[in-house]
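Asker: I'd like to go over a predicted model; first the sequence, then the structure.
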Amino acid sequence: MLSERTEVQVRAGVEADLEALTDLYNHYVRETPITFDTAVFTPQERRPWLLSHLEDGPHLLKVAVDVDSQEILGYATSSPYRAKAAYSTSVEVTVYVAARAGRRGVGTLLYEALFAALAGEDLHRAYAGIAQPNEASTRLHERFGFRYVGTYREVGRKFGRYWDVAWYEKAL
């Protein structure tokens, strides 16, 4: 668990973060229905994902690190919403926080940095899909002005059961 005095810095993700980011994500793959990936990744398999999030532009990767240890505490991304050209002013956003760093404001810091960086981009909407139940993620997104638009019922199967995904949108 982080101490109350842990100083957190949010910066752009870089290639040197790949192994730690992969480990963080693989925790969610193995242990939770928060992602619908069902097989863990190697860093090399995850590399194209990292490289698709540039330091500038609408598709970003923001990383939160402990200032003292440089340990990665979480990350947030903005990614293409869909591949077709008419969707180019929409992004899908997501945030993942290391299990030991939860409930310390890391997700909030990441989204503050991500949305500040997106403010100058030619974007109209951000979307977030939240596997249910996930009250912490729902609260985070609502705090950032997302509003509920609907639920895909039993859209994903993981751990031998079906999961709903609630969809939220935010004007940018």
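Answerer: Nice, I can see it.

Asker: pLDDT below threshold where in this protein?
Answerer: Applying pLDDT under 70 to the chain flags residues 1-5.

Asker: same thing but 80
Answerer: 1-6, 54-55, 102-103 (pLDDT under 80).

Asker: which residues of it fall in strands?
Answerer: Secondary structure of the chain (DSSP state E): strands at 8-12, 61-66, 72-80, 90-97, 125-131, 147-158, 161-171.

Asker: how far does the first one sit from its chain's centre?
Answerer: Taking CA atoms, centre = their mean, to the nearest Å, one finds the center of strand 8-12 at 14 Å from the center of the full chain.

Asker: so what touches it?
Answerer: Here strand 8-12 makes contact (CB atoms under 8 Å, 6 or more residues apart in numbering) with 55, 60-67, 73, 104-106, 109-110, 112-113. In short, each C-beta sits where N, CA and C put it, glycine included.

Asker: mind listing what it pairs with, with the direction of each?
Answerer: Each strand paired with strand 8-12, and its direction, by DSSP bridges: strand 61-66 (antiparallel).

Asker: between strand 72-80 and the strand it pairs with, find me the angle.
Answerer: Here the directions of strand 61-66 and strand 72-80 differ by 170 degrees (axes from the mean of the first three to the mean of the last three CA atoms, to 10 degrees).

Asker: what about strand 61-66, distance to the chain center?
Answerer: 11 Å.

Asker: by how many degrees do it and strand 90-97 diverge?
Answerer: If you take the same axes, to 10 degrees, strand 61-66 sits at 20 degrees to strand 90-97.
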